[in-house]
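Trainee: return a 3D structure for these sequence lines:
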Amino acid sequence: AGMQASFANLPADKKLIVNCYSGQTAGQTVGILRLLGYDAASLKHGMGTGKTGDTGWANEGFELVK
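Mentor: Numbers count the residues shown, from 1 in each chain. Next comes the predicted model:
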């Protein structure tokens, strides 16, 4: 139930961007969301704050707010 129960709170009429540290978990979540009919995409290489090395959002010069 956990994650799927929270999917019901997501807007069905908007594109969803899913992210995580590396992009792997986000990619799996996007697959589930798409199966459920959502328009979803994963942030390529994740946030870049974990094991992704020099790739990802944080290492591309984009702003992070903590």
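
Trainee: where does the protein dip in pLDDT?
Mentor: Scanning the chain for pLDDT under 70 picks out 1, 49-55, 64-66.

Trainee: what segments of it are strands?
Mentor: Counting by DSSP state E, the chain has strands at residues 16-18, 40-42.

Trainee: redo these as TSV? Include mean neighbour count.
Mentor: (Each C-beta comes from the backbone N, C-alpha and C, glycine too.) Formatted as TSV, the strands of the chain follow (neighbours: other C-beta atoms under 10 Å):
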stretch	mean neighbour count
strand 16-18	16
strand 40-42	19
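
Trainee: just send those back as JSON lines, with distance to residue 63 too.
Mentor: Putting these into JSON lines (distance: least, C-beta to C-beta, whole Å) gives the following:
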{"stretch": "strand 16-18", "distance to residue 63": "15"}
{"stretch": "strand 40-42", "distance to residue 63": "20"}
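
Trainee: partners of the most centrally placed residue in the chain in the sheet?
Mentor: Nearest to the geometric centre of the chain sits residue 18, at 1.8 Å (C-alpha atoms, centre = their mean). Counting by DSSP bridges, residue 18 is bridged to residue 42.

Trainee: residue 15 contacts residue 42, correct?
Mentor: No - taking contacts as C-beta atoms under 8 Å, residue 15 lies outside contact range of residue 42: 11.7 Å.

Trainee: hmm, residue 40 and the residue nearest to the centre of the chain touching each other?
Mentor: Yes - here residue 18 lies in contact with residue 40, judged by C-beta under 8 Å, at a distance of 6.1 Å.

Trainee: what touches both of the two?
Mentor: Common neighbours of residue 18 and residue 40 (criterion: C-beta atoms under 8 Å, 6 or more residues apart in numbering): 29, 30, 33.

Trainee: so what's the first one up against?
Mentor: Right, the one you point to is residue 29. Contacts of residue 29 (C-beta under 8 Å, 6+ apart): 3, 18, 20, 40, 42.

Trainee: let me know the closest of those residues to residue 59.
Mentor: Using C-beta to C-beta, residue 20 comes nearest to residue 59 of these, at 15.1 Å.

Trainee: number of residues surrounding the closest one?
Mentor: By other C-beta atoms under 10 Å, the residues close to residue 20 number 18.
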